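K.L.:
could you work out the structure for the sequence below:
(2 chains)
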Amino acid sequence: MSIGAPTEAPRWVTHALVPLINLALALIISGLLIFALGEDPFEAISILAYGAFGYPEAIGYTLYYTTNFIFTGLAVAIAFHCFLFNIGGEGQAYLGGLGAGVVGLAIGHWPSPIVLILGILAAAAFGGAWAFIPAWLQAKRGSHIVITTIMFNFIAAALMTYLMVEIFIEPGQQSAESRDFEAGAIMPFVHDILAQIGIDAGHSFLNLSFVLALICCVLFWFFVWRTRWGYEIRSVGQNESAAVYGGIMPSRAIILAMCISGGLAGLVGVNEILGVHHRLLLEFTAGYGFVGIAVALMGRNHPFGIFLAALLFGALYQGGQELAFDMPNINRDMVVVIQGLVILFSGALENMFRPRIEALFMRRARSAPAAAE
Amino acid sequence: MGENITFFVLMLDAMLRVSTPLILASFAGMFAERSGIVDIGLEGKMLGAAFAAASVALVTDSAWLGLLAGISVSVGLAMIHAFACVTHNGNQVVSGMALNILVAGLGPVLALAWFNQGSQTPMIADIARFKPIHLPFADKLRDVPVVGEVYSELISGHNIIVYLALGMVPLAAWFIYRTRFGLRLRAVGENPEAVDTAGISVTGMRYRAMIVCGILCGVAGTYLAIAMNTLFIRDMTAGMGYLALAALIFGKWKPLPTLLACFLFAFAQALEARLQGVDIPGIGIIPVQAIQALPYILTVLLLAGFVGKAIPPKASGVPYVKEK
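P.N.:
Presented below is the predicted three-dimensional model:
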C-alpha cells in the first residue's frame, strides 16, 4: 500500500451504493414473501407505487407520513451522532403531542400564527423534556439510555392514558378524546392552500407541518456540521475520551443531543394533533418513533438521506394501504415486515456487505493510480 | 379472615399465571446478557413463538408439537441475532429492534394468508392446548382451611409450562453458578479476552447462550398462545418482553432476585385488575396507570442508582473482536 492511497472507499459507495444494496436485499426478501403468499411481487410493486404516487391525494398522504418519519428519523440521527441510541422516540412524540394539545386547548381562540408557533414550541419542549430525564441519567449516573428510553415509552403511555381518561376527556364522551380545538390551533391543510390558488389536490392529511419538517432538515444539517455544539456532539459520539482532551464536556453534549432528539420526535405531535386530529387523543404515535430508527439507519444520519428514506417509508405506508386493499392475501403489516428487514440489513447486518464492497472499490482506486504511473 | 386468605390466595394464583412467561423471558435474557449479548428482542422471539405454536397446534391438534414449533422459531430468531451480533459484530440493540419489528409484521401477515381471519389465528381447540393439571387430592383438600386452599387453588390447577418455568429457575441458577458451562458463560460476559486466552471460543459460547435464550423465549411465547390464551392475536406479547428485560435489570442479572422481580411485577399486574376503581381507606383511588407504570419507574430508579445499584455484565453489548 503506497502512501497517499485512499484509505476510504469513494463516498458514493458508502453513502449510496451500500444503502441501496441493503434496501434491495430487504425488498427482494419481501418480494419472495409476497410470492410465497401467492401474489405477484411485481404487481405488488406497481400497486404500491400507484397507491403512493399515482394521484394527488395519494401523494398528499405519502408526504403526510413522510413528515412524521422525517421528524423521528432526524431524532434518532442526532442521538446517533452522539453515539446514543434513542429508542424513546415513541414516548417523546406522545408527550410532544400532549404539549401541542395543551396549547391548542388553552389558547385555540388566539390568532392562528401565534397559537401554531407556541404549539410547535410546546411540542418540542415537552418531547425534549421527556428525553432530558434519560439523558441526564445517562450523563450523570451512567444509566444505560437504551433501557431508560424503553422504560420511558411505557411510562409515557401510562401517563397519557391517565391524563386522557381523567383530565382531558370531553365530558359525556365514551372514547378518551378531548374536545375539538378552536380554529386558531389548526395547522392549515396543504390541499386547502392549493385550492386557494386554483389547484385541486383532493383531500389528504398533508398539512404545513411538512414544511416544518423540511426546515428541520436544513437546520439539522447546519447544526450538526456548522456549529460548535454539533461539533461537540459528533466529537463525543466518535471518541469520548478524545473529546474530553479537546475540552468538551461529554455530559453536556449527551444532554444536548438527547434534548434535541426528543424535541424533534415531539414535533410528530404537531403533525398529528395540530395538523390532522385537531384534538388530543390516545395512541396517535402509531409506531412512528420506531420507524425513525429505520429511517436514520437508511439515511446514514444525514438529513438528505433521511428525507429520502422518510419518503420511501411514507410511500410504503401509503402504498401499503392500497396493497392491502387490492390484494386479499396481504395486509398492511407487510409494510412492517419490510421495515424490519430494512433495519436488519442496513443496521444490524451492515458489516456483512459494507466492508467487502468498500474493499472492492478501495482496491480498484488503489490500482488505478498505480496503473497510470 | 378466611375471606382475606382466599383473596390473597387468588391473587397469588393470578400472579403465578402472569409471571410464568415473564420468568421464562427474563431468564432467557439472563443467559444472553450474561454471555455479553444485549437482547431487546425477547419480545419478538416470544411473539414469533406464540404465532408458530398457535399455527402448528391448530394444524396438528398437538400442544407438544406447538411447543416444538414455538421453540424452533424462537431459536431461529435467536440465531439471526447471534449471526448479526456475534459473527458480524453488528449493533445488538439495532438487531433486536429489527427482529421485534419484523416479527410484529410477519405474524399478522402469515396469519391472514394461512387462516384468513384477519391478523389472528382461529380459536384453538382444547385438545391442542396445555390444560390445567389437577394434582392428586386437590378437590378433596379444597375445604381444609388455609393449607387445603393453598394446595388446591395455588399449587394445583396450573398447566405444565407453569411448573416447568418454576422448575427451570433452580436449574438455571445451578447451570450458571455450578457448572463449567456457567462459569464460561459468566466469564465471556465479563471478560471475553480472558476466555479467548484460555482457548475457549467466545463466538461458540455466545451462540450457545443464544440457543438457550431462544429455547426459553420459545416456551414463553408458546405459553402465551396455547396455554394462557386460546389463539394468536396481533401484538399479543404487549410489551412483556420489555417488562422481562426490566425484571432482569431489577433482579441485577441474578437468578433469585430476577425471579422475585418477576413475581413483584406480576403481582402488580394482578393487583391492578383488582384495584380498579377501589377506594382504599386513607389513600383513595390509585390510578390503574400508576400501577402499570410502576415496574418501569422502579427499574429506572434502580438504573439511576437511587435504589441500589444495577451493574450489568461488563462486556454486555460490546462485540468481541479478536485481535489478529
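K.L.:
C-alpha only now, for contacts and for neighbours.
P.N.:
Fine.
K.L.:
measure how buried B:Gly167 is and give me the count.
P.N.:
11 (other C-alpha atoms under 10 Å in any protein chain shown).
K.L.:
low-confidence ranges, the chain, go.
P.N.:
Using chain A here. In the prediction, chain A carries residues with pLDDT under 70 at positions A:1-7, A:365-373.
K.L.:
oops, chain B please
P.N.:
B:1-2, B:277, B:307-309, B:323-324.
K.L.:
quick one, what contacts A:Leu37?
P.N.:
Contact criterion C-alpha atoms under 8 Å, 6 or more residues apart in numbering or on different chains gives A:329-330, B:113 as the residues in contact with A:Leu37.
K.L.:
torsion angles phi and psi at B:His158?
P.N.:
phi -110, psi 160 (degrees, to the nearest 10).
K.L.:
quick one, what contacts it?
P.N.:
B:17, B:131-134.
K.L.:
select from the residues you listed the one having the most neighbours.
P.N.:
Neighbour max across the contacts of B:His158 (other C-alpha under 10 Å) = B:Arg17, 22 neighbours.
K.L.:
spell out which residues of chain B are next to chain A.
P.N.:
B:84-85, B:88-95, B:97-106, B:108-109, B:112-113, B:116, B:242, B:246, B:287, B:289-290, B:292-293, B:296-297, B:299-300, B:303-305 (C-alpha under 8 Å from any C-alpha of the partner chain).
K.L.:
buried ones among these?
P.N.:
The neighbour count (16 or more other C-alpha atoms under 10 Å in any protein chain shown) marks B:84-85, B:88-95, B:97-106, B:108-109, B:112-113, B:242, B:246, B:287, B:289, B:292-293, B:296-297, B:299-300, B:303-305 as buried among the residues of chain B next to chain A.
K.L.:
how near is the nearest residue to A:Pro41 once chain neighbours are set aside to chain B?
P.N.:
Spatial nearest neighbour of A:Pro41, excluding adjacent residues (C-alpha to C-alpha, 6 or more residues apart in numbering or on different chains): A:Gly31 at 5.1 Å. Note on A:Gly31: its distance to chain B, by C-alpha to the nearest C-alpha, to the nearest Å, is 13 Å.
K.L.:
same deal with A:Ala324?
P.N.:
Remark: distance between A:Ala324 and chain B (C-alpha to the nearest C-alpha) = 10 Å.
K.L.:
sorry, back to before: okay, and which of the contacts of A:Leu37 map to strands?
P.N.:
In strands, defined here by DSSP state E, there are no members of those.
K.L.:
from the residues you listed, which is closest to A:His81?
P.N.:
For the contacts of A:Leu37, the closest approach to A:His81 (C-alpha to C-alpha) belongs to A:Ile330, at 37.1 Å.
K.L.:
got the contact list for that closest one?
P.N.:
A:34, A:37, A:323-324, B:109, B:112-113.
K.L.:
for it, grab phi and psi.
P.N.:
Backbone torsions for A:Ile330, taken as degrees, to the nearest 10, come to phi -130, psi 140.
K.L.:
the strands in chain B, which residues?
P.N.:
Under DSSP E, chain B gives strands at B:279-280, B:284-285.
K.L.:
figure out how far the first one is from the centre of its chain.
P.N.:
I take that to be strand B:279-280. Centroid separation for strand B:279-280 versus its chain: 32 Å, with C-alpha atoms, centre = their mean, to the nearest Å.
K.L.:
give me the number of residues near the residue of the stretch 1-150 of chain A found nearest chain B?
P.N.:
The nearest approach of the stretch 1-150 of chain A to chain B comes at A:Ser143, 5.2 Å away (C-alpha to the nearest C-alpha). For A:Ser143, the neighbour count with other C-alpha under 10 Å is 23.
K.L.:
what about it, is that helix, strand or coil?
P.N.:
When classified by DSSP: H, G, I helix; E, B strand; the rest coil, A:Ser143 comes out as coil.
K.L.:
next one: it from B:Pro255, what distance?
P.N.:
Counting by C-alpha to C-alpha, to the nearest Å, the gap from A:Ser143 to B:Pro255 is 21 Å.
K.L.:
before I go, just wanted to say thanks for your time.
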